[in-house]
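Undergrad: No sequence on hand, only this structure:
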């Protein structure tokens, strides 16, 4: 059973990114494949799309940072829009552009988003079921991953989780917006992985029973 976890490098003047920190901590897991994506309008999505066929994962969980959020955000929808609030790490700002010119307006995650949210909440971690992944690189890679795997058989589970900034990032920027300790975000992601794994096992059992 293979699960691919992606994260992003640091961006917007920060020296770290909680998603990259969590991905790096997962490198020792033999049952999980990982990739850290550049915050680049072209190479970020492309690196993920190049990794997927090599791994052929049963599930893809993309992670990213959402500054100023106080809770883990489990995303439901990726929209076909690039509308960057800030430039990517190459200084590129895109506005009002589709991700896929002839693609659908949006894709829903097929992760068990509500079960993931409930499990994280049960562990005492602030979490929300968020409607949309936004219109920056996080949304772009989620949309691209779902679009690329939509005809794969069996179709992998694909979705996105946004993480609050780390405390040290807030200190670096001398800001007062919310943050979350890395250990707490790590625990939330581990719970999400457990729920995803259980879902895959249940799906496999159902396939066997119906064969």
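TA: Thanks, I have the structure now. Keep in mind that this is a model prediction, so the values were computed, not measured.
Undergrad: any idea how far the residue found closest to residue 149 once you drop the neighbours it is linked to in the chain is from residue 57?
TA: In space, and not counting its chain neighbours, residue 149 is closest to residue 156: 5.3 Å by CB to CB, 6 or more residues apart in numbering. Where C-beta positions appear, they are placed from N, C-alpha and C, glycine not excepted. Noted for residue 156: a distance of 6 Å to residue 57, by CB to CB, to the nearest Å.
Undergrad: Now do the shared contacts for those two.
TA: By CB atoms under 8 Å, 6 or more residues apart in numbering, residue 156 and residue 57 have no common neighbours.
Undergrad: now the helices for this structure?
TA: Secondary structure of the chain (DSSP state H): helices located at 18-25, 43-55, 113-122, 137-149, 167-172, 182-210.
Undergrad: Output these as CSV; include the columns mean neighbour count and mean pLDDT.
TA: CSV is the format used below for the helices of the chain (neighbours: other CB atoms under 10 Å; pLDDT from 0 to 100):
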stretch, mean neighbour count, mean pLDDT
helix 18-25, 20, 98
helix 43-55, 17, 98
helix 113-122, 18, 99
helix 137-149, 25, 99
helix 167-172, 15, 94
helix 182-210, 16, 89
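Undergrad: Next up, the contacts around the residue nearest to the spatial centre of the chain.
TA: With distances taken as CA atoms, centre = their mean, residue 62 lies nearest the centre of the chain, 2.3 Å away. By CB under 8 Å, 6+ apart, the residues touching residue 62 are 5, 6, 7, 48, 138, 141, 142, 145, 158, 159, 160, 161.
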